[in-house]
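Chemist: Coordinates for the following, if possible.
(one chain, ligands or ions: 1)
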Amino acid sequence: MEVEGAQICELSERELHEATVTTPVNIAVVKYWGKRNNDLILPTNSSISCTLNQDHLNTKTTVRASSSYTDDRFWLNGIEETISNSPRLTTVLVTLRAIRKEKEKTLGPLAEGEKPLSEWKLHIASENNFPTAAGLASSSSGYAALAVCISKVLELDLTASELSKIARRGSGSACRSLYGGFVEWQHGVDPSGEDSCAVSIAPESHWPELEALILVVSDVKKSTPSTSGMSTTVKTSELFPLRVNEVAPKRIKQMEQAILEKDFNSFATIAMKDSNQFHAVCLDTFPPIFYLNDVSRGIITLVHRFNSQVDPATGEPLGIRAAYTFDAGANAVIFVLKNNVKELVEYIASHFPPATLQPTSVYFPDPFGIFRSADA
Ligand code: DP6
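Modeler: Numbers count the residues shown, from 1 in each chain. Prediction:
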């Protein structure tokens with residue numbers, strides 16, 4: 001199987017029909033919010049994300065196929081869920097089985113009484129090492145892991161691009177987790193969705209100085225799921241067409257250039273503005289959707305204050321040295337260059353004592369509740 005950025009997906013086959021895959025989350029810096037086709041999960045605009053180091057936030061999925069299993073079964077974080085209650089999981093499963101069935105037509109005949117692999121039932125266990133559904137992009141890593149892992153068990157030789165399209169049917173943002181580094185999900189124009197998949201802009205090694213900190217403001221389940229939230233936005237927000245037709249396409253080009261040129265100032269400015277516009281569009285949805293809370297807004301103010309500091313020796317502005325972005329939840333992701341991490345962490349910690357940021361000792365061992373994407 002060709003998975004570009006293979007370093008992000010560690011595959012381990014313990015036996016013939018079992019595989020374990022670990023897949024990272026990605027955080028959008030130009031957001032996806034809105035579908036033009038709900039069933040195929042085709043977006044209204046392209047989006048760009050950074051894939052985080054999978055040592056920290058990831059989904060680990062194990063799939064086992066057996067000819068003796070009588071049902072497909074699924075466990076999320078150790079609790080069994082009913083597969084038929086999840087049409088998207090079913091879609092991913094059905095799509096991959098159909099590809100397997102096609103492949104079987106080209107394989108030799110089976111032994112007497114042998115069942116083809118496409119008919120074997122699967123037991124799937126998936127675990128996030130961070131709070132699920134708290135707006136920390138769990139579906140992005142979850143469905144990417146699921147698509148890669150099932151395809152591995154079914155012995156399918158799919159490219160990262162093909163897997164990206166299948167993961168997209170589980171959750172839009174998941175299509176970007178098939179690649180490491182900097183990734184664009186191209187919205188595509190084909191009604192079938194054939195051209196709506198992720199492509200790599202640059203690998204992780206392109207900009208190793210860039211780090212992400214996650215400030216855990218709240219680990220409770222988000223009040224409005226992304227899927228229903230964006231559907232109401234598409235139907236009701238008057239600001240939304242401006243975003244889709246004018247702002248997002250312009251930002252995609254600018255963000256791609258900022259990444260390729262490692263221009264932190266532009267990267268940070270676009271990321272912050274895009275996060276703000278996404279939440280403005282949520283507020284313009286009717287009834288409005290609120291993802292940010294007072295602590296989130298406090299973090300936004302703090303980052304702007306940090307960015308407006310001057311050099312005490314020269315009085316010159318130090319420039320933009322940090323960028324926030326918020327998805328469908330109150331938690332902040334802060335992008336910062338390595339040489340500014342220490343100062344920023346101290347600055348945040350002096351304003352937000354650990355209790356405010358609700359560190360969860362299991363997932364975020366740092367005393368400030370701050371997760372670092374890589375060791376500096
Ligand atoms: C705010 O991918 O969770 O994180 O496709 O309906 O499953 P569905 O939505 P999902 O939406 C993510 C929205 C976002 C922005 C982004 O990741 O681009």
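Chemist: By residue count, tell me the biggest helix in the chain.
Modeler: helix 264-284 (DSSP state H).
Chemist: For it, what does the pLDDT average out to?
Modeler: In this model, helix 264-284 carries a mean pLDDT of 98.
Chemist: same question, stretch 23-32
Modeler: 94.
Chemist: With just CA atoms, put it into CSV.
Modeler: Only the C-alpha atoms of stretch 23-32 are listed here, as CSV (Å, rounded to 0.1, in the frame of the first residue of the first chain):
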residue,chain,number,x,y,z
THR,A,23,-3.1,7.9,12.5
PRO,A,24,-2.6,11.6,13.5
VAL,A,25,-5.1,14.4,13.8
ASN,A,26,-4.9,17.4,11.5
ILE,A,27,-5.7,21.0,12.3
ALA,A,28,-7.2,23.2,9.6
VAL,A,29,-5.7,26.6,9.1
VAL,A,30,-8.1,27.4,6.3
LYS,A,31,-11.3,25.7,7.5
TYR,A,32,-13.7,23.4,5.9
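Chemist: what about it, near the ligand?
Modeler: Yes: for stretch 23-32 and the ligand, the contact criterion (C-beta under 6 Å from any ligand atom) is met by 28, 31, 32. Using the backbone N, CA and C atoms, a C-beta is placed for each residue, glycine as well.
Chemist: So which of those sit within strands?
Modeler: Residues of these located in strands (DSSP state E): residue 28.
Chemist: okay, the residues of stretch 23-32 next to the ligand in a markdown table with neighbour count next?
Modeler: Formatted as a markdown table, these follow (neighbours: other C-beta atoms under 10 Å):
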| residue | neighbour count |
| --- | --- |
| 28 | 24 |
| 31 | 28 |
| 32 | 25 |
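Chemist: Which positions in the stretch 201-350 of the chain make contact with the ligand?
Modeler: Neighbours of the ligand within the stretch 201-350 of the chain, by C-beta under 6 Å from any ligand atom: 226, 227, 327, 328.
Chemist: what do you get if the cut-off is 8 Å, keeping everything else the same?
Modeler: 225, 226, 227, 230, 278, 327, 328 (C-beta under 8 Å from any ligand atom).
Chemist: pLDDT score for the third one?
Modeler: Confidence at residue 227, expressed as pLDDT, is 94.
Chemist: Could you pull out the buried residues of the helix or strand where it lies?
Modeler: Per DSSP states H and E: residue 227 is located in helix 226-236. Using 16 or more other C-beta atoms under 10 Å as the test for burial, helix 226-236 gives 226, 229, 230, 232, 233, 234.
Chemist: Likewise for stretch 174-189?
Modeler: 174-185, 187-188.
Chemist: And stretch 140-157, by the same measure?
Modeler: 140-154, 156.
Chemist: Could I have the CA atoms of the host helix or strand of residue 349 written out in CSV?
Modeler: Element membership for residue 349 (DSSP H and E) is helix 338-351. What follows is helix 338-351 as a C-alpha-only set of coordinates in CSV (Å, rounded to 0.1, in the frame of the first residue of the first chain):
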residue,chain,number,x,y,z
LYS,A,338,10.4,26.8,18.0
ASN,A,339,12.5,29.7,19.2
ASN,A,340,9.4,31.5,20.6
VAL,A,341,7.8,28.5,22.3
LYS,A,342,9.4,29.0,25.8
GLU,A,343,8.4,32.6,26.0
LEU,A,344,4.9,32.0,24.8
VAL,A,345,4.3,29.1,27.2
GLU,A,346,5.5,31.2,30.1
TYR,A,347,3.3,34.1,28.9
ILE,A,348,0.2,31.9,28.7
ALA,A,349,0.9,30.2,32.0
SER,A,350,1.3,33.5,33.8
HIS,A,351,-2.2,34.5,32.6
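Chemist: Would you mind measuring from the residue nearest to residue 165 when sequence neighbours are not counted to residue 301?
Modeler: Spatially, and ignoring its direct neighbours in sequence, residue 165 is nearest to residue 197 (4.7 Å; C-beta to C-beta, 6 or more residues apart in numbering). Here residue 197 is placed at a distance of 38 Å from residue 301 (C-beta to C-beta, to the nearest Å).
Chemist: neighbour-wise, which of the two wins?
Modeler: residue 197 (23 against 10; other C-beta atoms under 10 Å).
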